[in-house]
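**Q** give me a model of this one.
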Amino acid sequence: MFVLGNFIAAAAHIIDIALTIYMWIIIIRAVLSWVNPDPYNPIVRLLYQVTEPVMALVRRWIPLRGMGIDFSPMIILLAIVFLQSFLVKSLLQLSYYFR
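**A** Here you go, the predicted structure:
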């Protein structure tokens, strides 16, 4: 059963790293929106392609368009922190149970 515990622990660490990377991508996109970057820059296009599907989903769920401020990055960051606090820690505790 220790193999299953190690597998779950490894999956928890990978999920944690992926969520941290995505959190920094969201932060970079939010900061870039303040300076109006070149939309034809390949890095800017990659950032928009990676983040826009999730941000559009949040914008559809929480319509705050009339306020002039896009709160979707903040909501996504809160969701990432929640997943890191709940999902990753739960998986790590589950892995200790199988060890």
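
**Q** list the buried ones in the biggest helix by length in the chain?
**A** Longest helix of the chain, by residue count under DSSP state H: helix 2-35. Residues of helix 2-35 classed as buried: 5, 8-9, 12, 16, 19, 22-23, 26, 29-30 (neighbour count, 16 or more other CB atoms under 10 Å). For glycine as for every other residue, the C-beta is placed from the backbone atoms N, C-alpha and C.

**Q** ok, now stretch 56-68?
**A** Residues of stretch 56-68 classed as buried by neighbour count (16+ other CB under 10 Å): 58-59.

**Q** rewinding a little: make a markdown table from the buried residues of helix 2-35 and add pLDDT and distance to Ala79 to it.
**A** Below are the buried residues of helix 2-35 laid out as a markdown table (pLDDT from 0 to 100; distance: CB to CB, whole Å):
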| residue | pLDDT | distance to Ala79 |
| --- | --- | --- |
| Gly5 | 92 | 27 |
| Ile8 | 95 | 22 |
| Ala9 | 95 | 23 |
| Ala12 | 96 | 17 |
| Asp16 | 97 | 14 |
| Leu19 | 97 | 9 |
| Tyr22 | 98 | 10 |
| Met23 | 97 | 10 |
| Ile26 | 97 | 10 |
| Arg29 | 94 | 15 |
| Ala30 | 92 | 14 |
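
**Q** relative to Ile75, which of those residues is nearest.
**A** Ranked by distance to Ile75 (CB to CB), the buried residues of helix 2-35 are led by Ile26 at 10.1 Å.
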